[in-house]
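**Q** take a look and give me a structure for this.
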Amino acid sequence: MGDHQITGETLKAPRNINKYTSIPSLRTHLQRKMGAPSHGSLKASEWFLVFKEYITFLFLSEEISSAHQPYPTSSRMIRNEIFKNSFNLINAVNIYKSWTISKDDMNSFSKYWKKFCLSDQKPFPNQSRKPNNHYAEHIPELLSQWGPAQALATWGYECFIGALG
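**A** Below is the predicted model of the structure:
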C-alpha cells in the first residue's frame, strides 16, 4: 500500500473509538488492541461491526478533527477516495445484512458493490481483487432465491450456544 500503510499510529483513532463506544453485551465486540499482531485477524462478525459502525464513527471524528488542518491536495484526494470507497462498502454491507430485502435493495447492492470495486483501485492501486469480491457480485441472485442473509446466518446462534456453554 506504499505511503498508505496501516501503522500503529494509524490504528490509534479506531482503537480510541473502540474504547469509548458502548455495544450491547450480547453483540460482538472488538478487541481493545485490534490490529496488533498478538490479537490475530478479525473474525467475520468483527469485520461486520467495523464496517457497520466503527468506520462511520472514525470518518466523522477524523473529519471534525481535521476540518481546520491544511492537508496537501494529494493527501486530501486520497482521503476522499478512501471515504467514497468505504461509503460504498458500508452501504452494500447494510443492504446485505438487512432483515428484509426488495428488488430495489438488490439493485442498490449491485450498484454500491460495483462502485466499491471500482473505487478500490484509486486509493490502493497495488492491491489485487480477491475471489470473494467476485463472489459478492452474485449476492443479489442469492438474496432473490434465499431471502435476507440474516435469516440464513448461523453466527448469531453460534454466539448464543457459546454463551450457554
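
**Q** which residues in this protein form strands?
**A** All residues of the chain lie outside strands when identified by DSSP state E.

**Q** remind me, longest helix of it?
**A** Scanning the chain for the longest helix, with DSSP state H as the assignment, gives helix 73-96.

**Q** what helices and strands are in contact with that helix?
**A** Packed against helix 73-96 by the contact rule (3 or more Cβ pairs under 8 Å, 6 or more residues apart in numbering; DSSP states H and E) you find helix 55-66, helix 103-119. Just so you know, the C-beta spots here come from the backbone N, C-alpha and C atoms, and that holds for glycine as well.

**Q** looking at these, which is buried most?
**A** When the helices and strands packed on helix 73-96 are scored by mean count of other Cβ atoms under 10 Å, the highest mean neighbour count falls to helix 103-119 (a mean of 16).

**Q** can you give me the pLDDT of the closest residue to Y96 other than its chain neighbours?
**A** Nearest residue to Y96, sequence neighbours excluded (Cβ to Cβ, 6 or more residues apart in numbering): A149, at 5.5 Å. At A149, the model reports a pLDDT of 72.
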